[in-house]
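S.K.: Return atomic coordinates for the entry below.
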Amino acid sequence: MLCSCGVNNIFGAKVCKTCGTILGSKPIAAGAVQSDTFVSQPSAISNETTNQVFAPVSIQPESSVKATSSELDFIPYTSNIQFNFFIKGLRNSFDFNGRSSKSEFWYFVLFEFLILMVLSFLSTTLYAIASLILIIPATSVLVRRMHDIGKGWKKLLVILIPFVGVAVVLYWLIQPSEVNENAWGSVPSES
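M.R.: Next up, the predicted model:
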C-alpha cells in the first residue's frame, strides 16, 4: 500500500513502516480497477466504461530520515504482527543503539527458537549455519532490550556467573520498559 509519504508498504499493512501513518483502503469508484502502477476509471461522458490511464503521483517525503538507516530493507514485513517483531530484529541486526520493547525481544526469541528447532530436525548443517547467522541479530536485540530497561550492555557480563547470572539476566529481561525517554532513546512502539 502506498503511503502519503511515498513509501510502498506491504499488502495488508495497517501502519506505514516509515512515518507511522495509519494506512486505510481508499474507496474506488464503481467499475474502477486499481493496480500497483496504474488506475483505470470509468468515463463520465458515456454509459460505457472506457479506461483512462493515469500515471501514479510520486510524493516526496518532507525529510530524508531513512537516508542513514541501518535497517536491512530487503527483508520484507508480513501481515503477521508477531512475526514482524522477528523481522524487525533481523532488519536491525547491526543496530546496537536504541531500544527494543519487551514484545519485540520475546517474539524474536520465540521465532528464533522455533526456526532453530525445525532446522535441527532437518539437518545438523542447516542448524549450525542458522545459529551462526542469528548470533548477531540475537545479540543486538538483547542489547537493545537491556537499553529499554535502562541498563547498559556491560551488565550482561553478569551472565558469566554460574547459575545466578542467568537468573539475574532473565529477571531483567522480563521487566517492563521504562515509561520515559532514557539515554538510549524514546519509548519503542509496540507495532
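S.K.: Show me how the chain divides into domains.
M.R.: Recorded structural domains for the chain (assignment: automatic domain parsing) are 1-68, 70-173.
S.K.: Lowest mean pLDDT among the helices and strands of this structure, which one is it?
M.R.: Every helix and strand in the chain was compared by mean pLDDT, DSSP states H and E; the lowest is strand 39-41, with a mean of 43.
S.K.: ranking the domains of the chain by mean pLDDT, which is last?
M.R.: Confidence, taken as mean pLDDT, is least for domain 1-68 of the domains of the chain (a mean of 56).
S.K.: Quick check: residue 82 touching residue 107?
M.R.: Yes - counting by Cβ atoms under 8 Å, residue 82 touches residue 107, with 5.1 Å between them. No exception for glycine: its C-beta is placed from N, CA and C like everyone else's.
S.K.: So if I had to pick from those two, which one is more boxed in?
M.R.: Taking neighbours as other Cβ atoms under 10 Å, residue 82 and residue 107 compare with residue 107 leading, 21 against 12.
S.K.: where's the residue nearest to the more buried one when sequence neighbours are not counted, which helix or strand?
M.R.: Beyond its immediate neighbours in the sequence, the residue positioned closest to residue 107 (Cβ to Cβ, 6 or more residues apart in numbering) is residue 85, lying 3.7 Å away. Assigned by DSSP states H and E, residue 85 falls within helix 81-91.
S.K.: Ok, residue 111 next?
M.R.: Here residue 111 is assigned to helix 102-122, by DSSP H and E.
S.K.: Which elements pack onto that helix?
M.R.: Where contact means 3 or more Cβ pairs under 8 Å, 6 or more residues apart in numbering; DSSP states H and E, helix 102-122 is packed against helix 81-91, helix 124-148, helix 164-173.
S.K.: what's the angle from the second one to helix 102-122?
M.R.: For helix 124-148 and helix 102-122, the angle between their directions (axes from the mean of the first three to the mean of the last three Cα atoms, to 10 degrees) works out to 170 degrees.
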